[in-house]
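1. Let me see the structure of the following:
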Amino acid sequence: MFNFWQKFLLYAKLPEMRLFWYFLPLVFILFAIEIFYLPTLALWFSGGFFIFLAAIILVNNLRLARSNLEIKIERNELTSVIATLRDGVIAYDSNFKILIFNQAAEQIFNLKRENVVNVRFAPEQIKELRFKLLSQILFPSLAPSITKRSEAGAYPQVMDISFKEPTMEFRVITNKIIDSAGNLLGFVKIIRDRTREVEVLRSKSEFIGVATHQLRTPLTSIHWVLENLTNDTLSDEQKKMADVGLKASSYMVKVVNDLFDVFQIEEGRFGYNFEKLNIVELVEKIAFKTKEVCAELGLKLIFQKPEELIEINVDSQKISMVLLNILDNAVKYNVKNGEIILTIEKLSDKPYIRISVKDTGIGINEKDANKLFTKFFRGENATKAISTASGLGLYIAQNIVRRHGGEIKFESELNRGSIFYFTLPIDPKLIPPKEIIYGEE
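-> As a prediction, the model looks like this:
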């Protein structure tokens, strides 16, 4: 009961209760006048009517006061959350009148909230220096460089906007504000300042690029010298030492080359040369070369070749890298007298082809599945089987396949084998228009 009266007193002070408080004294005044002029029966009837009317007004006003108070509390909580967000938040109506402009947005655009809220923006305001950056975010077509990360017309819209002099990198997410009936009320933009993040990523990539570039030349020379030494007349002991050095230098050259490939991929400068070709013929050539290696190691490679000719747009060199990497893993991590099945097929329900490699190898631990395509990662059982490997092959393969508009996946059972497969689009329109810089996905 105490809580009821406590809540009633709280609601009674709200503006929504004014109608009831205005009506209540009016009822008393009318009732007092009617005492002198109306008979008893009519007086009771009139009094009952006014009490009933007052009760209806009281209940409705209390409901309105309670719902409005809850809305105000929720709005204040939302305002507090928006105010403390590290990302800039701008909400505006369909006429581009700014409704919300939080503290992070003030810092990003160097504008005060009071100078922006309730101001209606138009593309022409780009001419005002203080509103130039804000206008380019509100109207992205005015920005110097934009990269769309979502499909046209789909919400939320995600895009990266880049500026020079000064260098700034923003990720802008735009979504609709709609009411319960689905009517458009406006839009909200979340602006994340990625300038520092992108600079760090680029600096790291540049360091790797410079380091690998500087290492490639001397390592190639060392490898060449050791290769020539093994061909010379040497004692058995000397030849053994030269072979060890040659294997080590070969491994180092491969690691450096892989690192350089990663650097170029993450910089968006790996360089692709797409051309229409018979993918079955390309896969068959790779299968023929791998069969020779398998035969030397006592493995069996089966190529399940489709009857029909399949022509698609690919970079033959890059796709060869992907397939050779997967086949190389199937050979290295297979068991004695093991088997590898290479398959290429058209998907019946999608405009894609699928190339798969099934092996009878050591398999992949379930706990390693989520990390398999990350840089430098190698499963525990793979490390035990072969200690020397960079852990970059599948990362590079995944990026190449994605650049072609496909996906790479795998299924595996520990100690029973794995199936790695990747898809490539038949329709060239499904190939992404350009390379993606690392961190911009």
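2. State the phi and psi torsions of Ser390.
-> phi -80, psi -20 (degrees, to the nearest 10).
3. Next: Ala54.
-> The phi/psi pair for Ala54 (degrees, to the nearest 10) is phi -60, psi -40.
4. May I ask which helix or strand encompasses the residue nearest to it when sequence neighbours are not counted?
-> Spatial nearest neighbour of Ala54, excluding adjacent residues (C-beta to C-beta, 6 or more residues apart in numbering): Val27 at 5.8 Å. (Each C-beta comes from the backbone N, C-alpha and C, glycine too.) Assigned by DSSP states H and E, Val27 falls within helix 18-37.
5. Which elements pack onto that helix?
-> When contacts are defined as 3 or more C-beta pairs under 8 Å, 6 or more residues apart in numbering; DSSP states H and E, helix 18-37 sits against helix 40-84.
6. any chance you could map the helices in the chain?
-> 2-12, 18-37, 40-84, 103-109, 132-138, 195-231, 236-266, 279-297, 316-332, 380-385, 393-403 (DSSP state H).
7. could I get the shortest one in CSV with only the CA atoms?
-> In CSV, the C-alpha atoms belonging to helix 380-385 read as follows (Å, rounded to 0.1, in the frame of the first residue of the first chain):
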residue,chain,number,x,y,z
GLU,A,380,49.4,-29.2,-32.6
ASN,A,381,49.3,-32.5,-34.5
ALA,A,382,50.6,-30.8,-37.7
THR,A,383,53.5,-29.3,-35.7
LYS,A,384,54.4,-32.8,-34.4
ALA,A,385,54.2,-34.3,-37.9
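8. what is the rounded mean pLDDT of that helix?
-> Averaged across helix 380-385, pLDDT comes to 83.
9. now the fourth one
-> Helix 103-109 comes out with an average pLDDT of 92.
10. next one: the second one
-> Averaged across helix 18-37, pLDDT comes to 73.
11. Go ahead and confirm Thr290 touches Ile326.
-> No: judged on C-beta atoms under 8 Å, Thr290 makes no contact with Ile326 at a distance of 10.2 Å.
12. any idea how far the residue nearest to Ala54 is from Leu323?
-> 88 Å (C-beta to C-beta, to the nearest Å).
13. out of the two, which sits in the busier spot?
-> Ranked by neighbour count (other C-beta atoms under 10 Å), Val27 and Leu323 place Leu323 first, with 21 against 17.
14. what's around the residue lying closest to the more buried one once chain neighbours are set aside, how many residues?
-> Distance criterion C-beta to C-beta, 6+ apart; nearest residue to Leu323, sequence neighbours excluded, is Ile286 at 5.3 Å. The local packing of Ile286 (other C-beta under 10 Å) involves 17 other residues.
15. Same question for stretch 135-150: list its buried residues.
-> Across stretch 135-150, burial judged by 16 or more other C-beta atoms under 10 Å covers Ser135, Gln136, Ile137, Leu138, Ala143, Ile146.
16. Kindly apply the preceding question to stretch 87-102 instead.
-> Those would be Asp87, Gly88, Val89, Ile90, Ala91, Tyr92, Phe96, Ile98, Ile100, Phe101, Asn102, for stretch 87-102 by 16+ other C-beta under 10 Å.
17. Which two among those are spaced furthest apart?
-> Every pair in the buried residues of stretch 87-102 was compared (C-beta to C-beta); the two farthest apart turn out to be Asp87 and Phe96, at 20.2 Å.
18. Name all residues that make contact with Ser162.
-> Ser162 is in contact with Ala143, Pro144, Ser145, Ile146, Thr147, Met168, Glu169, Phe170, counting by C-beta atoms under 8 Å, 6 or more residues apart in numbering.
19. Centre of the chain to stretch 213-231, how far?
-> 41 Å (C-alpha atoms, centre = their mean, to the nearest Å).
20. got the buried residues for it?
-> Leu215, Leu219, Ile222, His223, Leu226, Leu229.
21. count of residues packed around the residue nearest to the fifth one when sequence neighbours are not counted?
-> It stands for Leu226. Among residues not flanking Leu226 along the chain, Leu246 sits closest, at 4.3 Å (C-beta to C-beta, 6+ apart). By other C-beta under 10 Å, 18 other residues sit near Leu246.
22. can you check Ile51 too?
-> Neighbour tally, Ile51, other C-beta under 10 Å: 12.
23. Let me know the pLDDT of it.
-> As predicted, Ile51 sits at a pLDDT of 76.
24. Also Gln6?
-> 65.
25. so where's this structure uncertain?
-> 1-14, 34, 38, 43, 69-83, 232, 437-441 (pLDDT under 70).
26. Buried residues in stretch 368-379, which are they?
-> Quick answer for stretch 368-379 (16+ other C-beta under 10 Å): Asp368, Leu372, Phe373, Arg378, Gly379.
27. And stretch 168-182, how far out from the chain middle?
-> What separates the centre of stretch 168-182 from the centre of its chain is 17 Å, taken as C-alpha atoms, centre = their mean.
28. quick revisit: which single one of the buried residues of stretch 368-379 is nearest to Ile265?
-> Phe373 (12.8 Å).
29. Now that closest one: closest residue in space that isn't a chain neighbour?
-> Using C-beta to C-beta, 6+ apart, the closest residue to Phe373 is Gln398 (4.6 Å).
30. tally of neighbours for the one you found?
-> Neighbours around Gln398, by other C-beta under 10 Å: 20.
31. Renumber starting at 24 from here on
-> Sure, I'll start numbering at 24, so the last one becomes Gln421.
32. Could you report the distance from it to Thr397?
-> 9 Å.
33. ok, now Asn141?
-> The spacing between Asn141 and Thr397, counted by C-beta to C-beta, is 48 Å.
34. got the contact list for Ile200?
-> Ala114, Leu207, Leu208, Gly209, Phe210, Val211.
35. from those, which ones fall inside strands?
-> Judged by DSSP state E, the contacts of Ile200 include Ala114, Leu207, Leu208, Gly209, Phe210, Val211 as members of strands.
36. If any of those residues are buried, put those into a ChimeraX selection.
-> Here is the ChimeraX command that selects the buried residues among those (16+ other C-beta under 10 Å):
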select :114,209,210,211
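37. Serialize the ones in strands among the contacts of Ile200 to a markdown table and add fields for distance to Val285.
-> Formatted as a markdown table, these follow (distance: C-beta to C-beta, whole Å):
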| residue | distance to Val285 |
| --- | --- |
| Ala114 | 40 |
| Leu207 | 44 |
| Leu208 | 46 |
| Gly209 | 43 |
| Phe210 | 38 |
| Val211 | 37 |
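38. ok, Asp202 touching Leu208?
-> Yes: Asp202 sits in contact with Leu208 when judged by C-beta under 8 Å, with a separation of 5.8 Å.
39. list the contacts for the closest residue to Leu320 other than its chain neighbours?
-> Excluding the flanking residues, the one nearest Leu320 by C-beta to C-beta, 6+ apart is Val354, at 6.7 Å. Residues counted as contacts of Val354 (C-beta under 8 Å, 6+ apart) are Thr313, Val316, Cys317, Leu320, Leu322, Ile363.
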